[in-house]
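>>> how would this look folded up:
(2 chains)
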Amino acid sequence: MRIQIILLAVILLSSLSFAAGSWMTTAAIAIVAAVVFIAILYAVGMGFGIQELQITAKDEVYQIAFLIVMLSVFAGLTVTVGDTLQSDAKAKISTDITMLQAYFTKLTELEKVSIEGSKTLSCNIMMITVTMSGCGGYSALSPAVTTTETVVSIGIVELNTLKTLLSISDVALTIIMPIGIILRTFKITRAAGGLLLAIGAALYLILPLSIVFIDPTADAFAEKNSDYNYLDEFNSKTGFLSPSFSIGEPQSKFAGCSPGDTPNSLGSMTGLSSNDDAALGLLNDMAAHIKKPLFLVLVKGTLFSIIYLFIFSTSIKYLSMAAGAEIDASALGRLM
Amino acid sequence: MMIVDVCQASFLNGFLYGPVLQITGTATFFAVIVFVLVYYFATVTNNPKMLAWVKTEVVQVVISIMSIALLFTCINFFCGINVDSVRELVDQPPTGAANIFEEGHNYLINAVSYSHNTVRVVRYFASAYTILSHRNQFHCDLWCVFGFSGTISSSLANYGGRMGTMNMLFGTTIFYLMSALNSLFIFLFAVRGFIIFFLPAAIIVRSLPYLRPLGSLLIAVCLSFFIVYPLLLSMFSIVSSGADIFHDPGIHKPGDAGLFVEYAAKEKDKFQEVSGMSEFGYGSVFGALGTSVYTDDTRLVNDFFDNEPRDFFDVLELTARSFVGAFLLPSLALAGAIASVRFFARMYGEEIDLSKLSQMV
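Down below sits the predicted model:
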């Protein structure tokens, strides 16, 4: 009964496989060649009475049957959802890369804090030198901008890695799968063939599938929590920040720094210099600039990229096990 | 000089069918002598255990010799495969590689040169951003007439973020280069025949008590690194050319020079010019009199970069491509070769656990 169900499934799925393309032609040629070889092997074993050859031939028949089932399932999935997954995944990754590049370009507006923070006033009269650095407020903001730029750059690199892997998935069907099928058909090269089949299936189906289903969750979360103001919530619980401090609208003018203007108790009501007031205003600017896009960078550019690559490496491990080759891809996943 | 000479007649006749076969034959001869002596001793002393051992070991020696014959057959078979025909089968342009081993070698050479050029480009950008972000200027004010008074600032300190990014990427791209070189050296060690010296040792070791798994492992290693590893690399070579992995991201349209030509090739001249400037430029009256690269920040930036920040984004893409082409695919090929060691060993009836070794590699 079980065998009849399997045969029925293969017949039903094989009808879809005819639409799958030229790689199925290669698969058919390889399978027919292997069947002929197995038949010769069995005939020799039966003719000379060598039981080991007959057992080996029967084992190879089971391997061929399993390969046909695997290919039928893969062909069915390829025809129904393969192209759609590919195009959607590439579009999402390209959109994310463009967004991160645009965000990086926007961040360059805040890079001026580094220039302002580096200003020092120096005066030397009659061998007496006085140096004043009144721009400490700006120099304190500089590492935040630098770190944000580095994080965004890392996110762009990781998304470009995914883009490169998706470009390989274009050739997964035309190059990797046919060669993997041929190699898996024969006992000596079964491990190599199994690995190539696993890589082809992971690249063409698993990786785009994970991108298409996981990527929109970040957009949905960001949209649902767009009004979330973490600084106000933090301040209300701890009282750490002054009540006047809150995230406001970005200021349109970038106030420069006067290095000779140092904190003076006779100065402003807050006891701060005009430089520090301007730096606090710039802090509001940065918080407004960085908050939502940074979520996008950290989640989409960093966290999701790592998840996709781990899914990719783990799927190679288990698909290769199913295809007859046990690959330890866990170390590879850790390196990724 | 042909680096991959495994298919050359001089290698086949002068090494493979010469010293290797002789050593293998000698090992087999001594093993057979030992078996004959043990057989006679067992017959004289009427010891059934020793008789059973001898019969088992004779079968194992035959299996070992058949494995060596299989390996030699596969080498000849791979040397006979025209990879350009395989490329035509999958609609890829021919590269002129004569066989599987050359194709695998070509891929690793491409990976090493691509990752090396990536390191050079990243180093150029890191050096340039470092020079820019450490550039200081002194803006004299009215009191300069009476002494020394003015504002010191780093006018290009805004490039500090990009400097940090490039410094970090420099470390990772060097790692990719080392990984590609590691794969290349393992490949050369295998296809230059040194690994075949494991075979004679395997014949003897497989016949010794308690050491059969080691002998099976040695044969499996030979088969894996001479059959599976070059095969996977040659397949990835076809894949990389089909997906155009080793593409210079700086070439956006025909006619563009690209990152490798613009930056990697010109780095020495560019930085010699800048270091010369630092000796004569800042204290120079000529520099202060008119706008020049000594005093004009924009001109200095344009002197270093053709199209910033587009080139910066191209370097990020270059790093990603280097990861896939120089690290990921060769590592997958090596992982596949190590997995096939276990597969081949199982064919000899041994179960070998290589999980820790594969993680270390």
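
>>> quick one: furthest residue from the center of chain A?
residue A:126 (62.3 Å; CA atoms, centre = their mean).

>>> ranges for the helices of chain A?
A:2-17, A:22-48, A:51-77, A:83-107, A:112-117, A:136-170, A:177-185, A:190-201, A:207-224, A:230-238, A:274-296, A:304-322, A:330-335 (DSSP state H).

>>> relative to helix A:274-296, how tilted is the fourth one?
The reference is to helix A:83-107. Going by axes from the mean of the first three to the mean of the last three CA atoms, to 10 degrees, helix A:83-107 is angled at 180 degrees with respect to helix A:274-296.

>>> buried set for helix A:83-107?
A:85-86, A:88-90, A:92-93, A:96-97, A:99-101, A:103-104, A:107 (16 or more other CB atoms under 10 Å in any protein chain shown). C-beta: built from backbone N, CA, C; applies to glycine.

>>> mean confidence for that helix?
Mean pLDDT, helix A:83-107: 87.

>>> could the C-alpha coordinates of stretch A:199-206 be exported in CSV?
Provided in CSV are the C-alpha atoms of stretch A:199-206 (Å, rounded to 0.1, in the frame of the first residue of the first chain):
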residue,chain,number,x,y,z
ILE,A,199,23.4,23.8,-2.0
GLY,A,200,21.2,24.2,-5.1
ALA,A,201,18.0,23.5,-3.1
ALA,A,202,19.1,25.8,-0.3
LEU,A,203,20.0,28.6,-2.7
TYR,A,204,17.0,28.4,-5.0
LEU,A,205,14.3,27.7,-2.4
ILE,A,206,15.2,27.9,1.3
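
>>> residues touching it, excluding its own?
A:74, A:77-78, A:82, A:85-86, A:165-166, A:168-169, A:172-173, A:176-177, A:180, A:311-312, A:315-316, A:319, B:332 (CB atoms under 8 Å, 6 or more residues apart in numbering or on different chains).

>>> let me know the pLDDT of the closest residue to residue B:247 other than its chain neighbours.
Excluding the flanking residues, the one nearest residue B:247 by CB to CB, 6 or more residues apart in numbering or on different chains is residue B:321, at 7.0 Å. On the pLDDT scale, residue B:321 is placed at 95.

>>> who are the contact partners of residue B:321?
A:160, A:164, B:114, B:118, B:245-247, B:249.

>>> check residue A:163 too.
Per CB under 8 Å, 6+ apart, neighbours of residue A:163: A:90, A:93-94, A:97, B:317, B:320.

>>> and these, which is closest to residue B:39?
residue B:320 (63.8 Å; CB to CB).

>>> next, the angle from the host helix or strand of the closest one to helix A:136-170.
Assigned by DSSP states H and E, residue B:320 belongs to helix B:310-322. Going by the same axes, to 10 degrees, helix B:310-322 is angled at 50 degrees with respect to helix A:136-170.

>>> okay, buried residues for helix B:310-322 please.
So for helix B:310-322, counting by 16+ other CB under 10 Å, buried means B:311-322.

>>> what does stretch B:235-247 give?
Applying 16+ other CB under 10 Å to stretch B:235-247 flags B:235-243, B:245-247 as buried.

>>> residues near residue B:303, how many?
Residues lying near residue B:303 (other CB atoms under 10 Å in any protein chain shown) number 15.

>>> wait, a strand at it?
No: under DSSP: H, G, I helix; E, B strand; the rest coil, residue B:303 sits outside any strand and is assigned helix.

>>> tell me who's in contact with the nearest residue to residue B:87 once chain neighbours are set aside.
Leaving aside its chain neighbours, residue B:87 sits nearest to residue B:94 (5.5 Å; criterion: CB to CB, 6+ apart). By CB under 8 Å, 6+ apart, residue B:94 lies in contact with B:84, B:87-88.

>>> what do you get for residue A:82?
Contacts of residue A:82 by CB under 8 Å, 6+ apart are A:173, A:204-205.

>>> rebuild those as CSV, extending it with neighbour count and pLDDT.
Formatted as CSV, the contacts of residue A:82 follow (neighbours: other CB atoms under 10 Å in any protein chain shown; pLDDT from 0 to 100):
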residue, neighbour count, pLDDT
A:173, 22, 75
A:204, 26, 87
A:205, 21, 87
